[in-house]
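Peer 1: Below is the structure, and that's it, no one-letter string:
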């Protein structure tokens, strides 16, 4: 609130000279606003508002900034160490016994609202629109006269609609039922969550049946409009979560689906990618601060290469000796995950580290009034799709992909054909690990980065692979998206924890019915 | 059913009836073909111990078994030959319950529908199988392997409280003699040679005392001497047990076969005595070669 | 062939074995209490209270490792969720101990502290019989047992095997951990149960009670060991090993694997539950992190380090690993996770038979060398 105030006051002060209404701030009004009971002061304030001018605005701003003093009957405004008279803006000598004018919170609130209302009369369209929307969100009946005044002089259609909405927001609780009826209708057409809130509040205390009916009808309209927003919101969050699960599970789908290696350290490979992103960010901040917004371009390949390197070392050092023994691989990779976590803790500390979004990823697109799609999530969905397409192309179209497929289907024959199976194994595992690194880079943009980043996702990743079935990427895709959307839908009903539990139970039950997963290879050799 | 099979069945049935003349409760007006059916009991009155009709199985689009129809008489030693991929092992999988066919009928005797039972049940009904690759329990000793195959109650409680009695021990010794592993009875089965493992598996099959034995390449990897002994063993089993043997070794087949069935592309190509099949043009083209 | 040549079913323990067993019983049930309670503190034979509680705790873990050996070493089912059964037994006993606090809690109320804190007015339904010791004992057996029976029935019936099964058990324990972290579930949320005062009316925190629990745990461990040995030596144990080695062959011999797997699964779950119930009064606290997947995987490493399929191995492994953990977390805490991780890797790569397996190999090598002229 305060930052908005300072920002808007800055804007205001720049344009305060263009106030179009010119009625004076009287010394009596100035005096009345700085001394006595808060209620009396507020009365004077509202009165002054009716006849506001630029001097009033400057004075109110000074009051908000605690730059007003009182010496006997003389009110002073302090600026740059000098004292000025609020009415004439002339410099005066600062009396020695000037007391500070103290305003309590309520007073401050009212001063802020008054300043906001005054902005309704600013010459800049944007400022007026902002002021009108702010008033619509927090309606105050005392400002009604001001709004009417502004409406009379308003030319801009957008601002006019906003002003009418603000007026309706205030008019919803006035004495005249006809006005309330009108206000209810206007609010219904607005279709915003704030309008919904106001209508709900009024519904509780409404006595007139016609107005009540109108309020109910308006509420229904708003609900219908908002419902779409909510549904789409859930779908989008579901897709977003699904895209994250997809990124996380894609690497695992390669290492387990193609190679049969159960890698419990997959989460830690993601963590390595996230920390690589962090390091790149720190480097950029230190050496290339002007290019900070583009650090992601360097971070993505770094994360991929780092994670792939760690994966290659893992494969060469440990996993190569454990092929064909899945249970042992599981245990060995769990041990590796412990070592990786502890190593990161020793290097970077056990606390989370901060990874900032570049500026072009902050904020979001406002699609509907209650549906705002954050940019970073949108980009991650696109990124996941890109990675998926890239990987499919790599596996199906390139020579490396062909070798990987050959080696995993029949190692002996592939070796007879001259394929260096050991090297292909390393490449395949490194590829899977590299994708985990990319997933970690993506995760760093939307969540915390800490040594146990991987632990939160490993169970989900395995569920996706188990559900999707082994041997085909399509299964992983469908499973990831399906689980993401399912999780988010359930969250709406039962809350996050129970939703997660329900999803886990669902998978366990599904696997009973269909042990090979969604898409699986049939045939005599299909043993888990 | 073909006419000659029908005749053969009727002859066998009449012989059977002749041996079993008893006063019936309906005052000697007993229907000649009527008899009480007992659930779960093998009914051989129609002269068939194993009956497959129009069985179809496909894996991922590949048709492994294509309208296969086959039957075996009690006490017969049937040999199945055919090129690789003809569906011989898949057929055994279907009989023993490991794979379910897409369509068709599989009957054990004339009343037991094998498609309704799972593997342990089928084994307990009296069908024993020997796998292509010798599968014995590597970490258990030879006698423990045989003890496991013993035809006793197979549920958890009985296993916990099981004690070998005299009858069991006699049977164990008998089988050990037959498979010539009496000296090695304490060594872990994993340490046996390939041929010995084959014999151990055959021994386990004998311990089960099944009515129908399915043997998938029983002499693969055996020496000539061992092959000869296996042939003798099978011939001695014939009559009391029914056997179905899948093999590629033509010499072995010749020494044991009554009737040979040739499978190709998932269905029966030819059937008859060894000489008939050997001379059949189609079989020569597809499998035996010139 | 002479039927007397057939191997007899060996006795439960060889005469030497019975000697060792009985001396262990004497050591743990007689000598240790004496050395802890009656020998003066500065005497060299004194066993400190710290050692008693540490060894008591490790013995509970050893029971879990033994249970893990039964299902993994002998039946080939790797469960990464057995920590759940341990925790369930612990929670059952914990509920009883919380009720035993009575009016001595922080809020001086009949209800446990955390319920007062959450503003609950009455005991939830699952606490109804928690003031009866007999009912608690029943619950310690039934809770893990029933859960294992239901989960195992559905899992084994659908023939989920190998790695898929292990991942599913991990998901199961993870789901329960999330459930128990919630305050609404009525198990103390993420604080769990602690601050126990009494058991069966007797104060918990005295040396004599600690010693009683210690001896009880020791006897349970030894008893379970004998029971496991009996199981494995029977035909039932051989069928389990056959299931581990070649499940399809076992089916074709006429055994249905489902009842066998299910029975050993439930037995091992109940063993873990009992271990959990013995653990909680000795350690004085139980919370949902006992159900974490990390804890459950550690049980597997104890069995692997000691030597799967030997019954004695996992017990040894539990002592070795937890002893090392105890020492390292005091001496050099940041190294412990490195050591644990390296242990996982080393055991799978270099020591698939575990410590006891290596020992057996060495003994056989010595014997065969000795046999040569």
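Peer 2: The structure has been received and is ready for your questions. Predicted model, so just to flag it, every value in this text is computed and none were measured.
Peer 1: Near chain B, which residues of the stretch 251-373 of chain C? Just list them.
Peer 2: For the stretch 251-373 of chain C, the residues in contact with chain B (C-beta under 8 Å from any C-beta of the partner chain) are C:251-257, C:259-260, C:263. The C-beta positions use only the backbone N, C-alpha and C, and glycine is treated the same way.
Peer 1: Okay, and which of those map to helices?
Peer 2: The helices, defined by DSSP state H, take in C:251-252, C:257, C:259-260, C:263 from these.
Peer 1: So which of those residues wins on neighbours?
Peer 2: When neighbours are taken as other C-beta atoms under 10 Å in any protein chain shown, the top entry among those is residue C:252 (27 neighbours).
Peer 1: which of the residues of the stretch 251-373 of chain C next to chain B sit farthest apart?
Peer 2: Maximum pairwise distance among these (C-beta to C-beta): 20.7 Å, between C:252 and C:263.
Peer 1: For the helix or strand containing residue B:236, buried residues please.
Peer 2: Per DSSP states H and E: residue B:236 is located in helix B:224-237. Within helix B:224-237, the residues that count as buried by 16 or more other C-beta atoms under 10 Å in any protein chain shown are B:226-227, B:229-231, B:233-234, B:237.
Peer 1: Low-confidence stretches in chain C?
Peer 2: Low-confidence segments of chain C (pLDDT under 70): C:1-5, C:370-373.
Peer 1: about what we covered before: please tabulate the buried residues of helix B:224-237 in TSV, including the columns distance to chain C.
Peer 2: Shown next, in TSV, are these (distance: C-beta to the nearest C-beta, whole Å):
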residue	distance to chain C
B:226	20
B:227	23
B:229	18
B:230	19
B:231	23
B:233	17
B:234	19
B:237	18
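Peer 1: can you give me the strands in chain B?
Peer 2: For chain B, the strands defined by DSSP state E occupy B:50-59, B:62-72, B:77-81, B:103-108, B:112-113, B:127-130, B:212-216, B:242-246, B:259-264, B:267-272.
Peer 1: Next, the angle strand B:103-108 makes with the first one.
Peer 2: I take that to be strand B:50-59. 140 degrees (axes from the mean of the first three to the mean of the last three C-alpha atoms, to 10 degrees).
Peer 1: what's the answer for the third one, then?
Peer 2: Relative orientation of strand B:77-81 versus strand B:103-108 (the same axes, to 10 degrees): 150 degrees.
Peer 1: Just checking: what are the partner strands of strand B:77-81?
Peer 2: strand B:242-246 (parallel), strand B:259-264 (parallel) (DSSP bridges).
Peer 1: Isn't residue A:356 up against residue A:281?
Peer 2: Yes. Under the criterion of C-beta atoms under 8 Å, residue A:356 makes contact with residue A:281 at 6.8 Å.
Peer 1: more neighbours, those two?
Peer 2: Per other C-beta under 10 Å, whichever of residue A:356 and residue A:281 has more neighbours is residue A:281, with 21 against 14.
Peer 1: Chain neighbours aside, what residue packs nearest to residue C:215?
Peer 2: residue C:29 (5.1 Å; C-beta to C-beta, 6 or more residues apart in numbering or on different chains).
Peer 1: mind listing what the one you found touches?
Peer 2: Residues near residue C:29 by C-beta atoms under 8 Å, 6 or more residues apart in numbering or on different chains: C:215, C:218-219.
Peer 1: from those residues, which would you call buried?
Peer 2: In terms of neighbour count (16+ other C-beta under 10 Å), the buried residues within the contacts of residue C:29 are C:215, C:218.
Peer 1: Serialize the contacts of residue C:29 to a markdown table and add fields for distance to residue A:428 and secondary structure.
Peer 2: A markdown table is the format used below for these (distance: C-beta to C-beta, whole Å; DSSP: H, G, I helix; E, B strand; the rest coil):
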| residue | distance to residue A:428 | secondary structure |
| --- | --- | --- |
| C:215 | 55 | helix |
| C:218 | 50 | helix |
| C:219 | 53 | helix |
